[in-house]
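> No sequence on hand, only this structure:
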């Protein structure tokens, strides 16, 4: 005789045979895998909460070593990278930058509000000898010294004045954007004095 029971994951009622499924808990494999994953994650969180700093760093180093390419000079990164080119890794459900992880593994904890800066100016490098701590101000000074603060504006003031003339004559924003190889939004902002104000 088939029996009815509610699924422990979704709450949906399902029919099961007591002979084939003595300990039926879920309506499908999908519900079963979701709950088992939650249970595993909870066990991990409990284990991680009780681990010491040394254990945390040892586990981080093990993960870090899977992706780092140790060589002479700058170390390469074989894992994921963000848009700026910095290596990233997932550790204990947290996304860490590879150079920060490298600094923590080799030099200890990073004080709050401090940045890990590169001597070599290579974002993907995680060689601890190429890293040093600094504040946001130190980072800006370092950027200026190394001439990384290149101007980002595509237009000059003379071009902006010409664009305003073209707008007053009757050219469309789309035509002007094509002529100057910029977005229509840029021309819209110039037209409405949201940027490039006199």
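Looks like it came in fine. If you're wondering where the values come from, they're calculated on a predicted model, not measured in any experiment. Numbering: from 1, shown residues only.

> right, and residue 84 touches residue 118 too?
No: Residue 84 lies out of contact with residue 118 (Cβ atoms under 8 Å); the separation is 11.6 Å. C-beta: built from backbone N, CA, C; applies to glycine.

> Please identify which of the two sits among more neighbours.
In terms of neighbours (other Cβ atoms under 10 Å), residue 118 is the more surrounded of residue 84 and residue 118; the figures are 20 against 8.

> Which pLDDT value belongs to that one?
Looking at residue 118, its pLDDT reads 92.

> Over to residue 124?
91.

> contacting residues around the host helix or strand of residue 55?
In the assignment (DSSP states H and E), residue 55 maps to helix 53-67. Around helix 53-67, the neighbours that count as contacts under Cβ atoms under 8 Å, 6 or more residues apart in numbering are 48, 51, 77-79, 87, 89-92, 96, 98, 101-102, 104-105, 109, 126.

> Helices - which of those residues land there?
Using DSSP state H, 48, 98, 101-102, 104-105 are the members of the contacts of helix 53-67 that sit in helices.

> So how do I select the buried members of those in PyMOL?
To isolate the buried members of those in PyMOL, using 16 or more other Cβ atoms under 10 Å:
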select buried, resi 98+101+102+104+105
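
> Quick check: of the ones in helices among the contacts of helix 53-67, which lies closest to residue 193?
Residue 193 has its nearest neighbour among the ones in helices among the contacts of helix 53-67 in residue 98, at 43.1 Å by Cβ to Cβ.

> in the protein, which spans are helices?
Using DSSP H, the helices found in the chain span residues 29-49, 53-67, 98-107, 136-145, 157-169, 173-180, 184-191.

> what about the spatially most central residue of the chain, distance to residue 28?
With distances taken as Cα atoms, centre = their mean, the residue of the chain nearest its centroid is residue 82 (5.8 Å). Between residue 82 and residue 28 the computed distance is 37 Å (Cβ to Cβ, to the nearest Å).

> same check, this time on residue 133
With Cβ to Cβ as the criterion, residue 133 and residue 28 are 51 Å apart.
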